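S.K.: Next input, structure requested:
(chains A, B, C, D and E)
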Amino acid sequence: MLLGRVIGTVVATVKAEGLEGVKFLVVQPLDKHRRDHGAAIVAADAVAMAGPGELVYFVASREAAEALPERFVPVDHAIVGLVDQVTLSEDDR
Amino acid sequence: MLLGRVIGTVVATVKAEGLEGVKFLVVQPLDKHRRDHGAAIVAADAVAMAGPGELVYFVASREAAEALPERFVPVDHAIVGLVDQVTLSEDDR
Amino acid sequence: MLLGRVIGTVVATVKAEGLEGVKFLVVQPLDKHRRDHGAAIVAADAVAMAGPGELVYFVASREAAEALPERFVPVDHAIVGLVDQVTLSEDDR
Amino acid sequence: MLLGRVIGTVVATVKAEGLEGVKFLVVQPLDKHRRDHGAAIVAADAVAMAGPGELVYFVASREAAEALPERFVPVDHAIVGLVDQVTLSEDDR
Amino acid sequence: MLLGRVIGTVVATVKAEGLEGVKFLVVQPLDKHRRDHGAAIVAADAVAMAGPGELVYFVASREAAEALPERFVPVDHAIVGLVDQVTLSEDDR
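M.R.: Sure, this is the predicted structure:
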């Protein structure tokens, strides 16, 4: 999983089958200092509670679909947790 | 999923089994500001409506095949949505 | 698998289904000289014994879920070994 | 899928089970301008007709094995099409 | 698959279930000129004959587990061939 911050929403009316009703958010991956790391991705919201500004962690690749009610869908990024706290070792702060 | 823009088409007569009839497009991945990000990829068009210039989001890796009528095919990128609108938080515009 | 060092912990109360009880750690990937390599990731602790500062190796992508008691969970990084020793050829030290 | 050019062949007598008879080629990934992009990879030739110099597209990761007669083999890159033509939008030429 | 060179060994006594008896080697990925490319990875030795200094090719991601006697194991890199010879087109030498 990677840490990320929700930075936006995506509206798409024409979608592949199985994606109706899935909410898609724009997520910016972060490094350990919570600085932007790489390009923003589009993730399904598997916790159904993530909103803009929130710190989350998300899965990439095949496991993303396991987070959704319907598992055989073409989804490869999903938010699977809302982060309350990240504690780093002193050397890594 | 990643945001991308359709920038071209690919014609291939010799293909692996299972790929007959699948339409392949050249897609340029984009960052949140819709600037080019990384090399263009070749994606199957799972919504069957994507055309040059269009803003889309696509899956990479195994989940791409889930987007096609025949699922056990050697495809690892597929367009799964035509984007109507992306709304970013103010700080990320 | 990649070598990494455990550098922190993540607390998340809202999680996708199936992730209750799984311990998540922040892991910094390392190169062969044990220097930081790329952004830190969040990994499930499949050996249930990893702690801050420890040298580990972890799997990424689908195979991570194979390391957990419940296999159909949305997890894509897991610590699968605590490293006792890495021996490099002389030219690569 | 990514565009690539076949640049060589690999001979290996000691192989993992299931790989006997599979032809392996060295493929250089290309960007949209057909310039080298990233390191060359070793791909199974699933169309059985690819030769040095040829423009191809290939799958990476799990889907590669779907392109071969025997599907449960440890292969993660496969050439799945010989490219006849790539047409790009005017802005992307 | 990627070309790599075996550069070391890893000893780990605490491992995830299913990894007992699997031999892990440190492998440095190489580009077509056999120069180091990216960070070294830890791979299972699926040919059971790879040793330090040897030129190999390895799979990454899910397909790695297909190379092992027990397939449902958390392994995402495996050496699947010992390379006898790589022949490149003249322009790519």
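
S.K.: From the centroid of chain A, which residue is nearest?
M.R.: A:Ile79 (3.3 Å; CA atoms, centre = their mean).

S.K.: could you say which helix or strand contains it?
M.R.: strand A:77-82 (DSSP states H and E).

S.K.: If you count contacts, what does the following helix or strand past that strand end up packed against?
M.R.: Toward the C-terminus, strand A:77-82 is succeeded by strand A:85-88 as the next helix or strand (DSSP H and E). For strand A:85-88, the packing partners by 3 or more CB pairs under 8 Å, 6 or more residues apart in numbering or on different chains; DSSP states H and E come out as strand C:2-11. All C-beta spots, glycine's among them, are computed from the backbone N, C-alpha and C.

S.K.: Paired strands for the strand it packs on, with orientation please.
M.R.: Note on strand C:2-11: by DSSP bridges, its sheet partners are strand A:85-88 (antiparallel), strand C:24-29 (antiparallel), strand C:55-60 (antiparallel).

S.K.: strand partners of the next helix or strand after that strand, parallel vs antiparallel please.
M.R.: Later in the chain than strand C:2-11, the nearest helix or strand by DSSP H and E is strand C:14-15. Strand C:14-15 pairs in its sheet with strand A:77-82 (antiparallel), by DSSP bridges.

S.K.: Can you give the distance from the lowest-mean-pLDDT helix or strand in chain A to the centre of its chain?
M.R.: Lowest mean confidence among the helices and strands of chain A (mean pLDDT, DSSP states H and E): strand A:14-15, at a mean of 90. Using CA atoms, centre = their mean, to the nearest Å, the mean C-alpha position of strand A:14-15 is found 20 Å from that of the whole chain.

S.K.: Show me the contact partners of that strand.
M.R.: B:Val47, B:Met49, B:Val80, B:Gly81, B:Leu82 (CB atoms under 8 Å, 6 or more residues apart in numbering or on different chains).

S.K.: pLDDT averaged over the strand holding A:Ile79, what's the number?
M.R.: In this model, strand A:77-82 has a mean pLDDT of 92.

S.K.: low-scoring stretches of chain A, by residue?
M.R.: Along chain A, the parts satisfying pLDDT under 70 run over A:62.

S.K.: one more time with 50, if that's ok
M.R.: Scanning chain A for pLDDT under 50 picks out nothing.

S.K.: a markdown table please, covering the contacts of strand A:14-15 and showing distance to A:Ala43.
M.R.: Shown next, in a markdown table, are the contacts of strand A:14-15 (distance: CB to CB, whole Å):
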| residue | distance to A:Ala43 |
| --- | --- |
| B:Val47 | 19 |
| B:Met49 | 23 |
| B:Val80 | 13 |
| B:Gly81 | 13 |
| B:Leu82 | 18 |
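
S.K.: For these, give me CSV that also has neighbour count and distance to A:Leu25.
M.R.: Putting the contacts of strand A:14-15 into CSV (neighbours: other CB atoms under 10 Å in any protein chain shown; distance: CB to CB, whole Å) gives the following:
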residue, neighbour count, distance to A:Leu25
B:Val47, 20, 20
B:Met49, 11, 23
B:Val80, 31, 15
B:Gly81, 28, 13
B:Leu82, 18, 18
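
S.K.: Could you single out the nearest of those residues to D:Val10?
M.R.: Nearest to D:Val10 among the contacts of strand A:14-15, counting by CB to CB, is B:Val80 at 34.4 Å.

S.K.: Contacts only, for that closest one.
M.R.: Counted by CB under 8 Å, 6+ apart, B:Val80 has contacts A:Lys15, A:Ala16, A:Leu19, A:Pro74, A:Val75, B:Met1, B:Ala46, B:Val47, B:Tyr57, B:Phe58, B:Val59, B:Ala67.

S.K.: Mind doing that once more with 6 Å?
M.R.: By CB atoms under 6 Å, 6 or more residues apart in numbering or on different chains, the residues touching B:Val80 are A:Ala16, A:Pro74, B:Ala46, B:Val59, B:Ala67.
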